[in-house]
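Engineer: Sequence below, structure please.
(chains A and B)
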2 protein chains.
Amino acid sequence: MTEFIPAGTQFFELPSPFPMKRGGALHGARLAYETWGELSPARDNAILIQTGLSPSAHARSSEANPEPGWWERMIGPDRPIDTKRWFVICANSLGGCKGSTGPASPHPDDGQPYRLRFPELSQEDIADAAHALVSSFGIEQLGCLIGCSMGGMNALAYLLRHPGSARGHVNVSGAAQAAPFSIAIRSLQREAIRLDPNWNGGDYSEDTYPEAGMRIARKLGVVTYRSAIEWHGRFGRVRLDAEQREDDPFGFEFQVESYLEGHARRFIRQFDPNCYLYLSRSMDWFDAAEYGGGSVAAALARIKLYSAVSVGVETDILFPLEQQQQIAEGLRAGGAQVQFAPLDSPQGHDAFLVDIERFGPLIGAYLRSL
Amino acid sequence: MTEFIPAGTQFFELPSPFPMKRGGALHGARLAYETWGELSPARDNAILIQTGLSPSAHARSSEANPEPGWWERMIGPDRPIDTKRWFVICANSLGGCKGSTGPASPHPDDGQPYRLRFPELSQEDIADAAHALVSSFGIEQLGCLIGCSMGGMNALAYLLRHPGSARGHVNVSGAAQAAPFSIAIRSLQREAIRLDPNWNGGDYSEDTYPEAGMRIARKLGVVTYRSAIEWHGRFGRVRLDAEQREDDPFGFEFQVESYLEGHARRFIRQFDPNCYLYLSRSMDWFDAAEYGGGSVAAALARIKLYSAVSVGVETDILFPLEQQQQIAEGLRAGGAQVQFAPLDSPQGHDAFLVDIERFGPLIGAYLRSL
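Structural biologist: As a prediction, this is how the structure comes out:
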């Protein structure tokens, strides 16, 4: 039951009470964030980056924290998101466990973790909290709002709920609503956690962390974040060396099994299981159609932007390319100049994190056009 | 720890000892099977159907068991696999729990279940046991060998290890070797079972059945057996009625979640977890390249058939279409007339079980051509 806060993180106190879309409110809540670059006197050069489910606000290294960030090669001087021109903000999502208030944070009433006392979390709450952070800098309109994966969902919520809040927008492997295949995957991840006896209705400790459930949830995530075609070339049927194998009749034998295990080991005990449940469910609930009388297209057409890019990859099975095409078409109907960019990356949903060779030039060129 | 044997099942005593490919041997083992139609005096009208991971030998209803079989609409008088012409045999796979000897069966030494004392199982063992069953009818050559899913793997093993054993072949959503994405999925299913404390190293009872692990394994299976596109049309974002929802903060809310739950409920306690582990791992191990000096193509070219069909569907993520194309090309190189049939079914890997409208005419026409 721990929060995992990178060095150099800054904190923004959210308005209190902070009302939540599905009911209830947070008192004394905060957002963890980092910034890079300098805000111009006119406050018109800001970029906000909304993250996927698990990243912290540490998108790039800094003096205070020289560890590489999760989008290190994308952000910096002369990089695609050029900090010589832009003032870049990245926040840990509300409900997360990397410094922003979430189920692992202390409840103001008793100082004990919220756990399941945390109110139901929606993508809209994540968006509203980020908007409050941006406003606190005196920024009326972002130069560009960038949302990746889950961040692509709450970026749309941000634009829908705060008209005129951004001039440009990059939606990276996002979706305007959760599709049933993705809901099924996430439901299964949550079930693995909830079935772990250590989860115990959310009441676990460091010593009773639901490691088995988190292990399954993370590995299933990795399976859906990557692609069969990438693994075919990367792992094939290569075996582990004899000394790497476990002494177990069904132990790991193939490299791909060891790869998944490595991913799980780097994740479990670094992420709070209750936060995982809340963030995961909030994605299932997200449906931009709520803002368009039941129509995603009508909702997206209400968003007024100067221009936008909606980018995705063919091999993404979790946020399939049709969803990025839907975003592009909807935003175009709203009057923006919109580029739909289907990329050839073999790495599936995670491509934006690793295939900077393809994503970097695209996003860099778009930002220069603004 | 139970076997699940349909009424009307017949049994064939395997040669004893029955040597296993990866070492060891079974003593007093048997195969459960059913037949439909009549064997011709020349014994030249036999079809053997090899099943996927979980089905029993009950592929079609019979007088002894009027329950619909797992391929009911495919088999019968004037059906695609026409029992007026063909003598049809279907066996429960060796290592399964529907009457054939497997990890849930009594060990001859002590009458207690084998559990993990069962020797390592391979697709080749399943093939060899089925070949022994076919030979027991005095059949030297099958008119056609049909293998579905896992059965498509061990059908290739059958043809490779028993040259001249079939004139025709239908490989349905099969593969000549396990791909890393599929290995990853199966590894995760096995891990879910093994992490369930009730699994207990394979030593569970009816009262301590590892239900949580089997639930995750089955649901993950169903996710990979179907397709995102089918679910998009079938479930969309439809919610359950309020009275169908669970009283749980992360309980099922969407129809797709309830659908998965229904699948899990029909499976758990109807399938033995140790059998699941053995059959699952045997698929990872299968690699026809072992019979071609490291080359799948070379191995398949060794198979001599009059003709064959290799059929699959675009939406299959577990046994992707490239694998059925590889089989078609390999068998063609061996001199057979081969039809590669990519079908348009939206139902993914499971399409052969449900999309009889597409699979039926294809298989029926092929069998009439023999």
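Engineer: Any stretches of chain A with poor pLDDT?
Structural biologist: The model of chain A has pLDDT under 70 over residues A:1-2.
Engineer: For it, which segments are assigned as helices?
Structural biologist: Here chain A has its helices, by DSSP state H, at A:123-136, A:150-161, A:180-195, A:211-225, A:228-234, A:255-267, A:273-285, A:296-301, A:321-333, A:351-354, A:356-369.
Engineer: tell me the most buried of those helices?
Structural biologist: Highest mean neighbour count of the helices of chain A: helix A:150-161, a mean of 27 (counted as mean count of other CB atoms under 10 Å in any protein chain shown). Quick note: C-beta positions are derived from backbone N, CA and C, even for glycine.
Engineer: tell me the angle it makes with helix A:321-333.
Structural biologist: Put simply, helix A:150-161 runs at 20 degrees to helix A:321-333, going by axes from the mean of the first three to the mean of the last three CA atoms, to 10 degrees.
Engineer: tell me which strands and helices helix A:150-161 is in contact with?
Structural biologist: Secondary-structure packing of helix A:150-161 (3 or more CB pairs under 8 Å, 6 or more residues apart in numbering or on different chains; DSSP states H and E): strand A:46-50, helix A:123-136, strand A:142-148, strand A:166-172, helix A:273-285.
Engineer: Neighbouring strands - and their directions - for the third one?
Structural biologist: This means strand A:142-148. Strands that pair with strand A:142-148, judged by DSSP bridges, come out as strand A:46-50 (parallel), strand A:166-172 (parallel).
Engineer: tell me the most buried of those strands?
Structural biologist: Across those, averaging neighbours per residue (mean count of other CB under 10 Å) puts strand A:46-50 on top, at a mean of 27.
Engineer: gap between that one and the chain center?
Structural biologist: Put simply, strand A:46-50 sits 13 Å off its chain's centre (CA atoms, centre = their mean, to the nearest Å).
Engineer: List the contacts of it.
Structural biologist: For strand A:46-50, the surrounding residues in contact (CB atoms under 8 Å, 6 or more residues apart in numbering or on different chains) are A:39, A:59, A:71, A:75, A:81, A:86-91, A:93, A:126-127, A:130, A:134, A:137, A:139, A:142-148, A:150-152, A:154-155, A:158, A:166, A:367.
Engineer: And A:Tyr366, how far from B:Arg269?
Structural biologist: A:Tyr366 sits at a distance of 55 Å from B:Arg269 (criterion: CB to CB, to the nearest Å).
Engineer: Same question for A:Trp199.
Structural biologist: Distance, A:Trp199 to B:Arg269, by CB to CB: 23 Å.
Engineer: who's in contact with the nearest residue to A:Leu300 once chain neighbours are set aside?
Structural biologist: Nearest residue to A:Leu300, sequence neighbours excluded (CB to CB, 6 or more residues apart in numbering or on different chains): A:Gly330, at 2.5 Å. Going by CB under 8 Å, 6+ apart, A:Gly330 touches A:Ala176, A:Val296, A:Ala297, A:Ala299, A:Leu300, A:Ala301, A:Ile303.
Engineer: which non-adjacent residue is nearest the spatially most central residue of chain A?
Structural biologist: Geometric centre of chain A, nearest residue: A:Gly52, 1.2 Å, by CA atoms, centre = their mean. Distance criterion CB to CB, 6+ apart; nearest residue to A:Gly52, sequence neighbours excluded, is A:Ser149 at 3.6 Å.
Engineer: and what of A:Phe359?
Structural biologist: Nearest non-adjacent residue to A:Phe359, counting by CB to CB, 6+ apart: A:Phe352, 5.1 Å away.
Engineer: interface residues of the stretch 201-350 of chain A facing chain B?
Structural biologist: Residues of the stretch 201-350 of chain A lying close to chain B (CB under 8 Å from any CB of the partner chain) are A:212, A:215-216, A:219-220, A:223, A:227-228, A:231-232, A:234-237, A:249-250, A:252-257, A:260, A:277, A:281, A:284, A:287, A:317, A:320.
Engineer: and if we set it to 7 Å?
Structural biologist: A:212, A:216, A:219-220, A:223, A:228, A:231-232, A:235-237, A:249-250, A:254, A:256-257, A:260, A:277, A:281, A:284, A:287, A:317, A:320 (CB under 7 Å from any CB of the partner chain).
Engineer: Which residue ranges make up each domain of chain A?
Structural biologist: Taking automatic domain parsing as the criterion, chain A consists of the domains A:10-178+A:290-369, A:183-276.
Engineer: To B:Gln325, which of those domains lies closest?
Structural biologist: Nearest to B:Gln325 among the domains of chain A is domain A:183-276 (13.8 Å), distances taken as CB to CB.
Engineer: Can you give the distance of that closest one from its chain's centre?
Structural biologist: In terms of CA atoms, centre = their mean, the centre of domain A:183-276 is found 19 Å from the chain centre.
Engineer: picking that back up, for the contacts of A:Gly330, which one is nearest chain B?
Structural biologist: Set against chain B, the nearest of the contacts of A:Gly330 by CB to the nearest CB is A:Val296 (10.4 Å).
Engineer: how near is the nearest residue to A:Thr208 once chain neighbours are set aside to chain B?
Structural biologist: In space, and not counting its chain neighbours, A:Thr208 is closest to A:Asn198: 4.7 Å by CB to CB, 6+ apart. Per CB to the nearest CB, to the nearest Å, A:Asn198 is found 10 Å from chain B.
Engineer: Can you name the residues that contact the residue lying closest to A:Ser100 once chain neighbours are set aside?
Structural biologist: In this structure, A:Ser100 finds its nearest non-sequential neighbour in A:Asn92, 4.2 Å apart by CB to CB, 6+ apart. If a contact means CB atoms under 7 Å, 6 or more residues apart in numbering or on different chains, then A:Asn92 has A:Leu31, A:Ala32, A:Ser56, A:Ala57, A:Lys98, A:Gly99, A:Ser100 as its contacts.
Engineer: hang on, the last one packs against A:Leu31?
Structural biologist: Yes: here A:Ser100 lies in contact with A:Leu31, judged by CB atoms under 7 Å, at a distance of 4.8 Å.
Engineer: Which one of those two is surrounded by more residues?
Structural biologist: Using other CB atoms under 10 Å in any protein chain shown as the criterion, A:Ser100 and A:Leu31 rank with A:Ser100 on top: 30 against 26.
Engineer: gap between that one and A:Met20?
Structural biologist: A:Ser100 sits at a distance of 14 Å from A:Met20 (criterion: CB to CB).
Engineer: And for A:Asn92?
Structural biologist: A:Asn92 is 17 Å from A:Met20, where distance means CB to CB.
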